[in-house]
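K.L.:
Need coordinates for the below:
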Amino acid sequence: MKIFGIAGSLRKGSYNKSLLRAAKGLLPEEAQLEIFDKLAEIPPFNQDNEKNPPSVVAELKEKIRRSDAILFATPEYNYSIPGVLKNAIDWASRPYGDSAWEGKPTAIMSAATGMIGGARAQYHLRQVFVSLNILPLNRPEIIIPEASKKFDEHGNLTDEYTKEKIKDLLKALVEWTKRLKQN
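P.N.:
Numbers count the residues shown, from 1 in each chain. Model prediction:
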């Protein structure tokens, strides 16, 4: 099963990018994870260009379409999702009738240095999913507060409880994807 991972952060030392890297080593045996790390290359969405998107957008859409499921890892900025993530989502949904997101099983993780761990960003992301017919897994929720205490100085996830919860999420995403494919 092909899972496509997108971190909603541009920061080099992003905890959410580190979450995706950790997830690569925690996957069920039948799954593989490809991580997209080109958000910084995607220009601001411009509807004038939606029918002739930049090559990085065409690549993003193709990778989404070839994937069986999507795994988002997002920080929370000002009680919501980062603009770069929303921009990528918008590009991949356009032009109308050519959305790469249609019917994709999806899971969300978030890590933040504060006490809420990105929960509000996850709920805003779920709101965006509604109009795009992205099919999010509801549980388990991976919301990681005080992320700086759960990663080492090299960005490696060190918290064993969090690793187990991510394994649970990935297993549930694989099962959710299989269930949706049967319908």
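
K.L.:
who does the residue nearest the centre of the chain bridge with?
P.N.:
The centre of the chain sits closest to F72, judged by C-alpha atoms, centre = their mean, with a distance of 1.1 Å. Beta-bridge partners for F72, by DSSP bridges, are I6, I108.

K.L.:
list the contacts for it?
P.N.:
Applying C-beta atoms under 8 Å, 6 or more residues apart in numbering to F72 gives the contacts 5-8, 85, 106-109, 125. For every residue, glycine as well, the C-beta is placed using N, CA and C.

K.L.:
now, which of those residues sits nearest K181?
P.N.:
The closest of the contacts of F72 to K181 turns out to be T106 (C-beta to C-beta; 14.0 Å).

K.L.:
Just the element for the closest one, please.
P.N.:
Using DSSP states H and E, T106 maps to strand 105-111.

K.L.:
still on that earlier bit, could you single out the nearest of the contacts of F72 to W176?
P.N.:
Of all the contacts of F72, W176 sits closest to A107, with 7.7 Å by C-beta to C-beta.

K.L.:
Report the buried residues of the following helix or strand past the strand holding T106.
P.N.:
Per DSSP H and E, strand 105-111 leads on to helix 119-132 as the next helix or strand towards the C-terminus. Residues of helix 119-132 classed as buried: 119-122, 124-125, 128-129, 132 (neighbour count, 16 or more other C-beta atoms under 10 Å).

K.L.:
got it, and stretch 59-74?
P.N.:
Across stretch 59-74, burial judged by 16+ other C-beta under 10 Å covers 60-61, 63-64, 67-74.

K.L.:
what's the offset of it from the middle of its chain?
P.N.:
Distance of stretch 59-74 from its chain centroid, counting by C-alpha atoms, centre = their mean, to the nearest Å, is 8 Å.

K.L.:
related to what we said a few turns ago, redo the buried residues of helix 119-132 as TSV? Include distance to E160.
P.N.:
As requested, the buried residues of helix 119-132 are arranged in TSV below (distance: C-beta to C-beta, whole Å):
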residue	distance to E160
A119	22
R120	26
A121	25
Q122	23
H124	30
L125	27
V128	32
F129	30
L132	35
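
K.L.:
Got the confidence number for the closest residue to A121 other than its chain neighbours?
P.N.:
Once flanking residues are discounted, A121 sits nearest to E76: 3.7 Å by C-beta to C-beta, 6 or more residues apart in numbering. E76 is assigned a pLDDT of 93 by the prediction.

K.L.:
For E160, see how far away E76 is.
P.N.:
Computed as C-beta to C-beta, to the nearest Å, the E76 to E160 distance reads 24 Å.

K.L.:
who has more neighbours, the two?
P.N.:
For E76 versus E160, neighbours defined as other C-beta atoms under 10 Å are more numerous around E76 (26 against 9).

K.L.:
Redo the buried residues of stretch 59-74 as TSV? Include secondary structure and distance to P53.
P.N.:
Output for the buried residues of stretch 59-74, formatted as TSV (DSSP: H, G, I helix; E, B strand; the rest coil; distance: C-beta to C-beta, whole Å):
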residue	secondary structure	distance to P53
L60	helix	9
K61	helix	8
K63	helix	13
I64	helix	13
S67	coil	18
D68	coil	23
A69	strand	23
I70	strand	19
L71	strand	23
F72	strand	21
A73	strand	24
T74	coil	22
